[in-house]
Every structure is written in structure tokens, then in C-alpha cells.
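**Q** Any chance you could fold what I've pasted below:
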Amino acid sequence: MSRGIAVAPEDEAGWMGQAVVDAGGRVVSLDVAEALIWYGAPADLQVALKLAPHLRWIQLPSAGVESYLPLIRDGTSVWTAAKGVYAEPCAEHALGLAIAGFRHLDAGARWKTWRRGPAKTLFDAHVTIVGAGGISQEVVQLLRPFRATVTVVRQRPGSMPGVMTTVLFSRLLEALGDADLVVLAAPLTQETEGMIAERQLRAMKHDAWLVNVARGKLINADDLVRALQERWIGGAGLDVTDPEPLPDGHPLWQLDNCIITSHTANPPNLERELFRFRIVENVTRFLNGQPLIGVVDPVMGY
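**A** Purely as a prediction, here's the structure:
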């Protein structure tokens, strides 16, 4: 008989259970399950884990796992994140924010009179991407028709296809200096929290745009507000913010050089189907004793 796999929370159990069955698995209750497919809030997972003493593997629904780290580091189970699952829509969104910023589409849509002004182009642009995961890799692919010169800032040494230069985080300031576009696609860890602050923003070109489709806390929000108000940089396209949700009346809402989308780089209507593919793939691997995709390193935090 196949290994038992639980799905939770209950209100999401139907489609997740079907994904498990489609992969050849057997859906069981938490108390006897060897694996858990989770699609709920981090706070609720702690309760579920207390009901599941036999778990060997837990699949999380998000690519970032900072909210789950206390649980991950407290146990012996293998944890997998949705690394790469949402890379394509997030990369697409990043380029959409960049082009909208370069061409002032957001501000232009609100103008009430005919206006023409300078703009930037992605063609032959210098692009710096912070992070070397799935979103970064997809952004690189999408940039290919634009003949962009791409630099990737990453945690560990290594080359990437289509990337002119890769540098370590210790050289972030250098990588920001000549960038027309900076895309943040890094995980949120103790090392990356607040990595874009006054010093980094002042290192950027006065007409460069900063796009964040990763986590809001990668940027010092107060410093970003000043940078935009005082025009240290050209603008920012933010799908994530700190705090999140961004409160009504926050200064970022008032700026004509800031485009904000409400954490929709991975649209809710696409998220479930994309995660379903990962469930089927990893359940199949689990049942066959193969390596799982997206295993979390509890030390690195992603």
C-alpha cells in the first residue's frame, strides 16, 4: 500500500487531495500520515504538526520560508518549499513593472493633459538582478530579446547561462552602480533583510529603476521613500512592501515615481494550478524514493 499523505487545511483539501491521488498517493488523516501537503497560514501549521507525529516530509506552498523557519529548525522532517513554482509569472511581472516605470505608464495613465517627456528602454540596458533562484533565471531569459547586459548578485559563487557577470553579495554596491534596472529576487534572510538602504540607493544611477518581486523587507522603506521623494533614483516598482499590506495613506502611495501592485506577481488564480504541478511532481518522487524538489536548507534559511 502506498505511503499515506495528509493534505491541509480542510478547506483546501479537495484539489490537493486529487493532486496526491493523481500522483499515485493515498490521502490519509494527519495522525497516520508520513507526509503533509500544506496550503495554509504559518501560524496554523504548528497546530497541524502536533496532530501528525509520523511526518517525514512537509511541502510548503510558498517559495520564501522565513515565516516557517522556527518550525523547520525545530524538527527532523524534510521540508520543501515552492522554489521555482511561481518563477515565470513573477519574472513576467518584474519586466512589466520595469517597462511601466521606464515609460512612465502608471503616471501617464493618470495625467489629464497631453504630456511628453524622456523615457528609458530595456534594449541594451544594464540590468542587475539580486538573487540567483528561479525568478532570477526566468528574468534572464525574458531579457534576452532586449540585448541587456545582465549582472547577477548571488549568495554563492557560480556562473549562470545568459549572464555576463555574477558577483557575491559583498560586491552589491559595485553591481548597483551602472545598472539601469535593479530587480530584487532574493530570499529574505538575516543577511538580506534591509540590504537596500540609503547607501545602496545613493549608489544607483539617478534615472535607474528598482523593482522588487521578492520580499518587502529587503528594502528599508523609510530610505526608499526619501530616495523617491528626492529623486536619488528614477523610481521603484513594488509588488511587495514593508509593511504589507501597505496601509492607506502611506507616503509610497503618493509618489508619481512609484508603482505598487498588491503582491500579485503570482496572481491568486494562477497560484493554485502552479502549486498543483509541484504537488504531483514531489508526491511522485516521494513515493518512488527519489530526491524531492525545493528542499529547504534550515541553516541558509531558503
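**Q** Walking through this protein, point out its helices one by one.
**A** Ranges of helices in the chain, per DSSP state H, are 13-22, 42-50, 69-74, 87-102, 105-110, 134-143, 172-176, 198-203, 221-229, 268-287.
**Q** by contact count, what packs against the last one?
**A** Yep, that's helix 268-287 we're talking about. helix 13-22, strand 35-38, strand 57-59 (3 or more C-beta pairs under 8 Å, 6 or more residues apart in numbering; DSSP states H and E). Every residue, glycine included, has its C-beta placed from N, CA and C.
**Q** From the rest of the structure, what touches it?
**A** Residues from elsewhere that reach helix 268-287 (C-beta atoms under 8 Å, 6 or more residues apart in numbering): 2-3, 5, 15-16, 19-20, 22-25, 35, 37, 39, 57, 59, 61, 80, 82, 85-86, 89, 266, 290-294.
**Q** now those: which count as buried?
**A** When the contacts of helix 268-287 are checked for burial by 16 or more other C-beta atoms under 10 Å, the buried set is 3, 5, 16, 19-20, 23, 25, 35, 37, 39, 57, 59, 61, 80, 82, 85-86, 89, 266, 292-294.
**Q** mind giving me the domain split of this structure?
**A** 4-84+268-287, 87-260 (automatic domain parsing).
**Q** any chance of these in CSV, with distance to residue 301 and mean pLDDT too?
**A** Listed next are the domains of the chain as CSV, based on distance: least, C-beta to C-beta, whole Å; pLDDT from 0 to 100:
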stretch, distance to residue 301, mean pLDDT
domain 4-84+268-287, 6, 95
domain 87-260, 4, 96
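**Q** These: which one's closest to residue 299?
**A** Of all the domains of the chain, domain 4-84+268-287 sits nearest to residue 299, with 8.5 Å by C-beta to C-beta.
**Q** how far does the closest one stretch from start to finish?
**A** 10 Å (C-alpha to C-alpha, to the nearest Å).
**Q** Contacts only, for the closest residue in space to residue 62 that isn't next to it in sequence.
**A** The shortest distance from residue 62 to any non-neighbouring residue, by C-beta to C-beta, 6 or more residues apart in numbering, is to residue 82 (5.7 Å). Contacts for residue 82 (C-beta under 8 Å, 6+ apart) come out as 60-63, 275, 278, 294.
**Q** quick one: which of these is nearest residue 211?
**A** residue 63 (16.9 Å).
**Q** wait, that closest one sits on residue 84?
**A** Yes - using C-beta atoms under 8 Å, residue 63 is in contact with residue 84, at 7.3 Å.
**Q** Quickly list what's touching both of these two.
**A** 133-134.
**Q** between the two, which one's more packed in?
**A** residue 63 (23 against 17; other C-beta atoms under 10 Å).
**Q** Distance check, the more buried one against residue 69.
**A** 14 Å (C-beta to C-beta, to the nearest Å).
**Q** same check, this time on residue 42
**A** 9 Å.
**Q** same check, this time on residue 152
**A** 25 Å.
**Q** neighbour count winner among those two?
**A** residue 152 (26 against 17).
**Q** beta partners for the more buried one?
**A** Under DSSP bridges, the beta-bridge partners of residue 152 are residue 129, residue 166.
**Q** shouldn't it be in contact with residue 166?
**A** Yes - between residue 152 and residue 166 there is a contact under C-beta under 8 Å: 4.8 Å.
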